[in-house]
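J.: Turn this into a model:
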Amino acid sequence: MARFTLPRDIYHGKGSLEELKRFHGKRAVICVGGGSMKRFGFLERAVSYLKEAGMEVSLIEGIESDPSVDTVIKGAEKMLAFQPDWIVAIGGGSPIDAAKAMWIKYENPDCTFEDMCRVFGLPKLRNKAHFCAVSSTSGTATEVTAFSIITDYEKGVKYPIADFEITPDVAIVDPELAETMPKKLVAHTGMDAMTHAIEAYVSAAHCDFTDPLAIHAIEMIMKDLIPSYNGDMAARDRMHNAQCLAGMAFSNALLGIVHSMAHKTGAVFADCGAHIIHGAANAMYLPKVISFNAKNSEAKRRYGVIVDYMGITDKRASDNEKVSALIAYLRNMNDEMNIPHGIQSYGKDSYPCEQGFVPENIFLDRLHNIAVNAIADACTASNPRQPSVEEMEKLLKCCYYDTEVDF
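T.: Below is the predicted model of the structure:
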């Protein structure tokens, strides 16, 4: 038996943020990030709508990118003091992910972070509050997923929390919020969405309910991501829907080792000033993982189906030719959006980035531990080809140096 779970309600289209005024409750807490939602007026509107619904409103502001365990604990303490019956998270993936973890702790104060990380092992929620997610970026799709990513900075590891309990009750997919994204964020979140859709389609846990969502998301992202990056706001509006479809697919089909590797490399170099942004990591690693997974015959066939839908080769081409075409297409997308092909180039002059870059000696010194942690990541189990630690080390080296995967 398998399970397919989505939010009960998804409100989409311009102006859908206004649905907040029709919520029922006494108290609502809004979780928000670093300030863009305030600058563009969306936070003020959300507060106004909830007050119009008759609720007292409290704010948890300043949630950082890649939220920490400490942020989660402090936010849950504020919720315990305020006792909301609605938790509304507005912004990118970080405030929504953090709010999901705060929700767990608010409803179950004795639940530790280690308890939260037991895959599909969370206690029941919704005894105190319901959850609404309002996404401002077009990539993470956390507004419709059963996942949250929280970073333990002491260990330098991102941990995925995975359980259908944290699937939001309500998702608001209002493209007006996404129109405020800076260009680099469009690129990173867009390639995150493409990775979600491709990994969901070839996942060992895919099914008849997830396949159409993944394929249609890929078709939409192929058509609209580059125009969105170049400032086409109609394309950016459509990308907001596309990333949500990809999220619906992967929340139920799960993901693969692109995400396992991104989770375990994102923060592990932070102590030397090299933080690899999640969407950029996915963009760099996806072509390598496709090459690795294509050694599995069923994965190769399904990559070929993706290519047939994309229409980038003749349908009579061999599956090997289709895999090569898909890899070339994705690498070209990275080129068009100024995303490098390897960790070694990330943050250097060829790719201006405030996060710095990863020195070779530090990468090699930490390689084995990264590989071990990536194998243990929750996303690895649903990858179509299961790597050994040695193979994961080789794959990570390919991602660092941008070399061919031949094993």
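J.: drop to CA atoms for contacts and neighbour counts, all remaining ones
T.: Noted.
J.: So, low pLDDT: which residues of this structure?
T.: Judged by pLDDT under 70, the chain has its weakly predicted residues at 348-356.
J.: Which segments of it make up each domain?
T.: 9-178, 183-401 (automatic domain parsing).
J.: So what's the gap between the longest one and the chain middle?
T.: In other words, domain 183-401. Centroid separation for domain 183-401 versus its chain: 11 Å, with C-alpha atoms, centre = their mean, to the nearest Å.
J.: Quote the end-to-end distance of it.
T.: This stretch, domain 183-401, spans 26 Å end to end (C-alpha to C-alpha, to the nearest Å).
J.: Same check on stretch 76-87?
T.: By C-alpha to C-alpha, one end of stretch 76-87 lies 11 Å from the other end.
J.: for the domains of the chain, which one sits closest to residue 3?
T.: domain 183-401 (7.2 Å; C-alpha to C-alpha).
J.: which ones are touching the closest residue to residue 222 other than its chain neighbours?
T.: Leaving aside its chain neighbours, residue 222 sits nearest to residue 310 (7.5 Å; criterion: C-alpha to C-alpha, 6 or more residues apart in numbering). By C-alpha atoms under 8 Å, 6 or more residues apart in numbering, the contact list for residue 310 reads 218, 219, 222.
J.: Could you check how far residue 310 is from residue 198?
T.: Residue 310 is 12 Å from residue 198, where distance means C-alpha to C-alpha.
J.: hey, what's in contact with both of those two?
T.: Taking C-alpha under 8 Å, 6+ apart as the criterion, residue 310 and residue 198 both touch residue 218.
J.: quick one on the thing from earlier: and the contacts of residue 310 as JSON lines, adding secondary structure?
T.: Converted to JSON lines, the contacts of residue 310 look like this (DSSP: H, G, I helix; E, B strand; the rest coil):
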{"residue": "218", "secondary structure": "helix"}
{"residue": "219", "secondary structure": "helix"}
{"residue": "222", "secondary structure": "helix"}
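J.: Residue 61: neighbouring residues, count only.
T.: Using other C-alpha atoms under 10 Å, residue 61 has 15 neighbouring residues.
J.: dump the residue contacts of it.
T.: By C-alpha under 8 Å, 6+ apart, residue 61 lies in contact with 31, 32, 33, 34.
J.: Residue 199 too?
T.: 250, 254, 255, 256, 258, 383.
J.: Tell me which two of these sit farthest apart.
T.: Largest pairwise distance in the contacts of residue 199, by C-alpha to C-alpha, is 12.8 Å, between 250 and 258.
J.: Have a look at those two and say which one is more surrounded.
T.: Neighbour totals were compared for residue 250 and residue 258, and residue 250 leads with 32 against 25 (other C-alpha under 10 Å).
J.: ok, and the more buried one, which helix or strand is that part of?
T.: Applying DSSP states H and E as the criterion places residue 250 in helix 233-253.
J.: Go through that helix and flag the buried ones.
T.: Buried residues in helix 233-253, counted by 16 or more other C-alpha atoms under 10 Å: 233, 235-253.
J.: helices or strands next to that helix in the packing?
T.: strand 170-173, helix 175-178, helix 183-202, helix 211-229 (3 or more C-alpha pairs under 8 Å, 6 or more residues apart in numbering; DSSP states H and E).
J.: now the contacts of residue 61 in CSV, with distance to residue 387?
T.: Shown next, in CSV, are those (distance: C-alpha to C-alpha, whole Å):
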residue, distance to residue 387
31, 38
32, 38
33, 36
34, 38
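J.: and these, which of them are in strands?
T.: Those of the contacts of residue 61 mapping onto strands are 31, 32, per DSSP state E.
J.: Show the buried residues in the contacts of residue 61.
T.: 31, 32, 33, 34.
J.: Going by distance to residue 84, which of the residues you listed wins?
T.: Closest approach to residue 84 among the buried ones among the contacts of residue 61 (C-alpha to C-alpha): residue 31, at 11.8 Å.
J.: and that closest one, bridged to which residues?
T.: residue 60, residue 89 (DSSP bridges).
J.: these two touch, right, residue 278 and residue 260?
T.: No. Using C-alpha atoms under 8 Å, residue 278 makes no contact with residue 260, being 10.9 Å away.
J.: out of the two, which sits in the busier spot?
T.: residue 260 (26 against 21).
J.: Was I right to think that one contacts residue 383?
T.: No. With contact defined as C-alpha under 8 Å, residue 260 does not count as touching residue 383 (9.5 Å).
J.: who are the neighbours in contact with residue 377?
T.: Contacts of residue 377 by C-alpha under 8 Å, 6+ apart are 159, 160, 260, 263.
J.: the helices in the stretch 1-150 of the chain, which residues?
T.: Applying DSSP state H, counting those that start in this stretch to the stretch 1-150 of the chain gives helices spanning 36-39, 42-52, 69-82, 93-107, 113-116.
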